[in-house]
Every structure is written in structure tokens, then in C-alpha cells.
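Visitor: Sequence plus predicted model, see below.
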2 protein chains.
Amino acid sequence: MLKELPLSKVYQLLEPGPVVLLTTTHKGRANVMAMSWHMMVEFEPPLVACIVSNRDFSFKALRTTKECVIAVPALKLAPKVVAVGNCHGRDIDKFKSIGLTPLPARVVNPPLIAQCFANLECRTVDGRLVNKYNLFVLEVVKAWMDPAQKEPKTIHHCGYGKFVVDGATITLKSRMR
Amino acid sequence: MLKELPLSKVYQLLEPGPVVLLTTTHKGRANVMAMSWHMMVEFEPPLVACIVSNRDFSFKALRTTKECVIAVPALKLAPKVVAVGNCHGRDIDKFKSIGLTPLPARVVNPPLIAQCFANLECRTVDGRLVNKYNLFVLEVVKAWMDPAQKEPKTIHHCGYGKFVVDGATITLKSRMR
């Protein structure tokens, strides 16, 4: 059902700054968190930096296993994204309680999320800034798109549950990739 | 004219992923570049990570002086943002040729940009990932808002001069800061 996305196009998903979901698996248990603090680092192979707080249940899983999936939700998933952010993976199975469907990834252990229009399988390639800033540098090793979700609108967190939704698109003559 | 913004609110500007302008000053000469690869690292004091390519004229200035200003443009500045991205600071004075007005900053040498609705004075606090990834960790030491620009819409780069403009705002009940 999912279609593979060329790694050279991954930056176009993350560069505009959408809220994403991040899945991890540790000791056989999958978890998911919401994340807005991420950025592209390199086009290809696509490198992504992100902050996963050491207060988050996902921190230990990511630091230990060095694997995660970044899943990009469209507007219709906004209530589930907030639900993910409002509870703690220590206490419950968020996939079940919130109604997100885990799918097996190809290369890494953490699951893809069926409802998200894009899923990026990632491995940590640099942990030098983890201790001081909780900053992980990830490499995207496989990327998936859901072709059934046409022109998905992403959401961007502005703090305290306020999100701005993608509006109009403009195209200007640019030499920028 | 500009109003100081509490540092605790800085993350609300950058977390949604807008294209920003970055100014530097080196050997008495100011320059400006467009940047989409940035993320928040810490709330307060606000820390920001960003990628400034070593192919950019600004790279040497930032690495040497450890100072920059992150200026946030609203939609109406989109043509100037693209113009900034389409030329090289080595060749021309972008402020003059593109029509951006530099204003003195309070704490750092690089200028604020009068036309931008927010300006963040920054200092590099960690350069460990500069050599490998061109990744700078900055601290925002002073922040300014233009109160005359009400509810500015930001733009988010999707690649090759395509931008998505802020659309509707939604607010969901959230425990997330």
C-alpha cells in the first residue's frame, strides 16, 4: 500500500517544519511521541537532527537502540497527535489507547504508523550532543509515502496546543534547492 | 519602534518552522542569507540549532565571530527572501540591492532587519558539530518584535522556491508547552 519515496526528496517533507510523530521500540515494546524540534542537516543521504527530551519515555529507547521512525501526520490526525503528546508511554500503550496502527518497518525495529502520509525509518549516526542537549543526528535509511493521501496539509505547533495549518502554496523563481 | 520579546516566548516563533533570514557581520561587512534548516533545542534560555553550509558566504562570518541575528519575515517579504537566496554575499551588498534595512542590534554586531516582524540576537554556544555537519548551536540573547505587524503569516519552504503559507489556526486541549 505504501510507496517508497526516493531519499533525495525527504527534505521536502521536514524542511517546512511540520509536527511529526516519533516511534521507538525498546524491550519489545513500541512507543510514540509528538515532536516539533527537528531539522534537516543534509540532503542525501538525508540527515535529520532532533531533540528528544530525557524526560520523555522515548529518550532511553532511542539512545539505547539507535533506531526510530519519523511519521508525518496530516491535519485530520491533529486530535490524535495532541492525544499522543498528552500521555506518557510509561503508563499506557499509546497505539492501542489512541487508535494508531503500527506497521512493520523494513529496516528498523520501531513501527511505521499506518495513518501517517509519510514514514521515515531512521538510525542515529551521531550522539555527541545527546548528553548536553538531548540532540540526536539521524540518518533516514528508508522512506515511505501513502499515495492515497493526496496533497496532505501538515500542522505546525505554535505552543500550548495551538497549531497553524498549511494554507495556500506560492511558487517563486528560485535557485534554491 | 521594536518591542522586546521575553526570551521564554522565542520558541513559539521558530517551532512552527518558518523560513528565516540570518545576518552576520565580518570585517565590517554585513551579509544576509535565507535559512530553513533550524530547530529549537531548549526553551529558556532559548537555544537554537541551525545549519549554515560551508558553501555559504555567511559560514565563515558565523564561525569566526560567533554572532548572528535570526530575523523572521512575513509573507509580504517572500520575494525578498527568494532574492536573498538567489545571490551570493561575496559578490554584492544584499541589503542595498534587495532593499532590506539593517538596524543596529543591542548585544551583537550583526544587524536586525527592519522589515522582519521578529529579530533574535544570537551567539554560538556550541561548535562541536560544525566541522562535520555545519551545525551551530546558538543561544538567543535578546529578542525583538515589531508590534505594528499584527498576526504575521510566515512561509515554509518546500523546495525549489515553493512555499506553503500559514493558513487557519486550530487550538486543541493540550498539556504540551
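Guide: In hand now; what should we look at? Residues are numbered from 1 along each chain as shown, chains lettered A, B, ... in the order given.
Visitor: contacts and neighbour counts: CA atoms only from here.
Guide: OK.
Visitor: how close does A:Arg106 get to chain B?
Guide: Distance of A:Arg106 to chain B, given as C-alpha to the nearest C-alpha, to the nearest Å: 26 Å.
Visitor: Kindly apply the preceding question to A:Lys150 instead.
Guide: From A:Lys150 across to chain B, the span is 16 Å (C-alpha to the nearest C-alpha).
Visitor: Go ahead and list the helix or strand containing that residue.
Guide: Assigned by DSSP states H and E, A:Lys150 falls within no helix or strand.
Visitor: Report the beta-bridge partner residues of the most centrally placed residue in chain A.
Guide: The centroid of chain A falls nearest to A:Ile70 when counting by C-alpha atoms, centre = their mean (2.4 Å). Beta-bridge partners for A:Ile70, by DSSP bridges, are A:Leu22, A:Leu120.
Visitor: That one is in contact with A:Val19, isn't it?
Guide: No - using C-alpha atoms under 8 Å, A:Ile70 is not in contact with A:Val19, being 10.1 Å away.
Visitor: So which residues of chain A form strands?
Guide: A:3-4, A:20-26, A:29-35, A:38-42, A:47-51, A:67-72, A:102-103, A:112-113, A:118-126, A:135-145, A:155-159, A:162-171 (DSSP state E).
Visitor: Tell me the helices and strands packed up against the longest one.
Guide: Pointing back at strand A:135-145 there. Judged by 3 or more C-alpha pairs under 8 Å, 6 or more residues apart in numbering or on different chains; DSSP states H and E, the packing partners of strand A:135-145 are strand A:3-4, strand A:47-51, strand A:118-126.
Visitor: Just the CA trace of that strand, in CSV.
Guide: Output in CSV follows, covering the C-alpha atoms of strand A:135-145 (Å, rounded to 0.1, in the frame of the first residue of the first chain):
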residue,chain,number,x,y,z
LEU,A,135,20.2,16.3,20.3
PHE,A,136,20.3,13.2,18.1
VAL,A,137,21.6,13.2,14.5
LEU,A,138,19.7,10.6,12.5
GLU,A,139,20.1,9.2,9.0
VAL,A,140,16.9,8.4,7.1
VAL,A,141,17.6,4.9,5.6
LYS,A,142,14.2,4.2,4.1
ALA,A,143,11.2,6.5,3.3
TRP,A,144,7.5,5.7,2.6
MET,A,145,4.6,7.7,1.3
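Visitor: which ones are touching A:Phe57?
Guide: By C-alpha atoms under 8 Å, 6 or more residues apart in numbering or on different chains, the contact set of A:Phe57 is A:His88, A:Gly89, A:Arg90.
Visitor: Now do the first one: how many residues are near it, please.
Guide: So the one you mean is A:His88. Neighbour count for A:His88, taken as other C-alpha atoms under 10 Å in any protein chain shown: 17.
Visitor: Do you know the pLDDT at it?
Guide: If you check A:His88, the pLDDT there is 90.
Visitor: Chain neighbours aside, what residue packs nearest to it?
Guide: Sequence neighbours aside, A:Phe57 is the residue nearest to A:His88 in space, at 7.0 Å (criterion: C-alpha to C-alpha, 6 or more residues apart in numbering or on different chains).
Visitor: Let me know the pLDDT of that neighbour.
Guide: At A:Phe57, pLDDT is 93.
Visitor: Same check on the one 3 residues further on?
Guide: Residue-level confidence at A:Lys60 comes out at 97, pLDDT.
Visitor: mind checking how far it is from chain B?
Guide: From A:Lys60 across to chain B, the span is 18 Å (C-alpha to the nearest C-alpha).
Visitor: Look up how far A:Thr24 lies from that residue.
Guide: To A:Thr24, A:Lys60 is 10 Å away according to C-alpha to C-alpha, to the nearest Å.
Visitor: who has more neighbours, these two?
Guide: Between A:Lys60 and A:Thr24, counting by other C-alpha under 10 Å, A:Thr24 is the more crowded of the two (27 against 16).
Visitor: tell me the contacts of that one?
Guide: Counting by C-alpha under 8 Å, 6+ apart, A:Thr24 has contacts A:Ala30, A:Asn31, A:Val32, A:Ser58, A:Ala61, A:Leu62, A:Glu67, A:Cys68, A:Val69, A:Asn109, A:Pro110, A:Pro111.
Visitor: how much space between the first one and A:Trp144?
Guide: Taking C-alpha to C-alpha as the measure, A:Ala30 and A:Trp144 are separated by 19 Å.
Visitor: Those two: which has the busier surroundings?
Guide: Higher neighbour count among A:Ala30 and A:Trp144: A:Trp144, with 22 against 19, using other C-alpha under 10 Å.
Visitor: Beta-bridge partners for the more buried one, please?
Guide: Applying DSSP bridges, one finds that A:Trp144 bridges with A:Glu4, A:Asn119.
Visitor: Please name the nearest non-neighbouring residue to A:Ala34.
Guide: In this structure, A:Ala34 finds its nearest non-sequential neighbour in A:Leu21, 4.6 Å apart by C-alpha to C-alpha, 6+ apart.
Visitor: right, and the one you found touches A:Val81 too?
Guide: Yes - using C-alpha under 8 Å, A:Leu21 is in contact with A:Val81, at 7.4 Å.
Visitor: Overlap of the contact sets of those two?
Guide: Common neighbours of A:Leu21 and A:Val81 (C-alpha under 8 Å, 6+ apart) are A:Ala34, A:Pro73.
Visitor: re the thing from before, please produce a markdown table containing the contacts of A:Phe57, extended by distance to A:Leu14.
Guide: Shown next, in a markdown table, are those (distance: C-alpha to C-alpha, whole Å):
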| residue | distance to A:Leu14 |
| --- | --- |
| A:His88 | 25 |
| A:Gly89 | 24 |
| A:Arg90 | 28 |
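Visitor: No more questions from me, cheers.
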